[in-house]
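[1] next one to model:
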Amino acid sequence: MEAGFVGAMALLVCFGLVVASPVVALAAWALSTRSDYFGDALGTVVAGAVGLFAAAAVALAVFVDPAAGLTFGVVAVGAALVLAVVPVLFGRQLLGRWTLLDADEALAYATLGWPVAMVTSAALFVAPGGLARYNVLFLEGVAATVAWMTLVLVVTLGPALAGLGLYNVVERVVRPGSGLR
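    Purely as a prediction, here's the structure:
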């Protein structure tokens with residue numbers, strides 16, 4: 001399998017996660033309004049997303065090439081862990097330390113902050129040259145180091161920071177006079 005194919009697959013999966021992040025977050029939030037526990041709602045939405053990724057991998061394996069399906073599956077799992085699972089769980093931990101939220105509420109705020117981090121990281125990825133020209137993959141030296149470190153920080157800390165901002169808006173604007181919990 002050619003390295004260019006794997007790289008193209010990685011870019012496709014990463015930008016797919018950017019597009020899917022608001023859908024996943026809002027669907028989990030909508031489901032959680034019908035239950036007492038956000039984690040269950042998020043688990044239901046994630047199970048559906050995993051099913052869609054598995055169906056895409058199987059379709060690639062059957063209709064294109066088994067190696068293409070396997071490559072897509074491996075890249076999708078790796079990207080989901082690096083761009084979704086770890087940042088949201090890390091965001092939940094940070095929000096639990098920074099606020100008086102319990103673990104489930106912190107998970108909700110981190111999940112709702114995740115799309116902000118994903119869209120920001122996508123914008124930073126294409127920022128050097130726009131959609132039609134260059135992205136951070138074409139940078140070299142110090143510029144590449146700064147760009148990649150910025151992306152890592154945005155992806156890792158973004159759900160916590162955006163979730164904290166949302167928490168502050170909810171506590172100060174939506175529920176005025178209630179103060180922080």
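
[2] so who does the residue nearest in space to the middle of the chain touch?
    Nearest to the mean C-alpha position of the chain, by Cα atoms, centre = their mean, lies Ala84 at 3.9 Å. Residues near Ala84 by Cβ atoms under 8 Å, 6 or more residues apart in numbering: Leu17, Ser21, Trp114. The C-beta positions use only the backbone N, C-alpha and C, and glycine is treated the same way.

[3] ranking those by neighbours, who comes first?
    Across the contacts of Ala84, neighbour numbers were computed from other Cβ atoms under 10 Å; Trp114 holds the maximum, 27 neighbours.

[4] not counting sequence-adjacent ones, nearest residue to it?
    Of all residues not flanking Trp114 in the chain, Pro159 sits nearest, at 4.4 Å (Cβ to Cβ, 6 or more residues apart in numbering).

[5] you'd agree the one you found is up against Ala117?
    Yes - assessed by Cβ atoms under 8 Å, Pro159 is found in contact with Ala117 at 5.2 Å.

[6] re the thing from before, Val46 versus the residue nearest to the centre of the chain, what's the distance?
    Ala84 sits 9 Å away from Val46, going by Cβ to Cβ, to the nearest Å.

[7] and Thr71, by the same measure?
    For Thr71, the distance to Val46 equals 22 Å [Cβ to Cβ].

[8] helix or strand for Ala79, which one?
    Per DSSP states H and E, Ala79 falls inside helix 66-80.

[9] next structured bit after that helix?
    Scanning forward in sequence from helix 66-80 by DSSP H and E, the next helix or strand is helix 86-98.

[10] which one of the contacts of Ala84 is nearest Gly4?
    The nearest member of the contacts of Ala84 to Gly4, counting by Cβ to Cβ, is Leu17 at 20.6 Å.

[11] between Pro159 and Ala117, which contacts overlap?
    Common neighbours of Pro159 and Ala117, using Cβ under 8 Å, 6+ apart, are Pro87.

[12] and the two? Which one has more around it.
    Taking other Cβ under 10 Å, Pro159 and Ala117 do not tie; Pro159 has more neighbours (33 against 28).

[13] contacting residues for the more buried one?
    Applying Cβ under 8 Å, 6+ apart, the residues near Pro159 are Pro87, Val88, Phe90, Gly91, Ala110, Thr111, Gly113, Trp114, Val116, Ala117.

[14] now with 7 Å?
    Listed by Cβ atoms under 7 Å, 6 or more residues apart in numbering, the contact partners of Pro159 are Pro87, Val88, Gly91, Ala110, Gly113, Trp114, Ala117.
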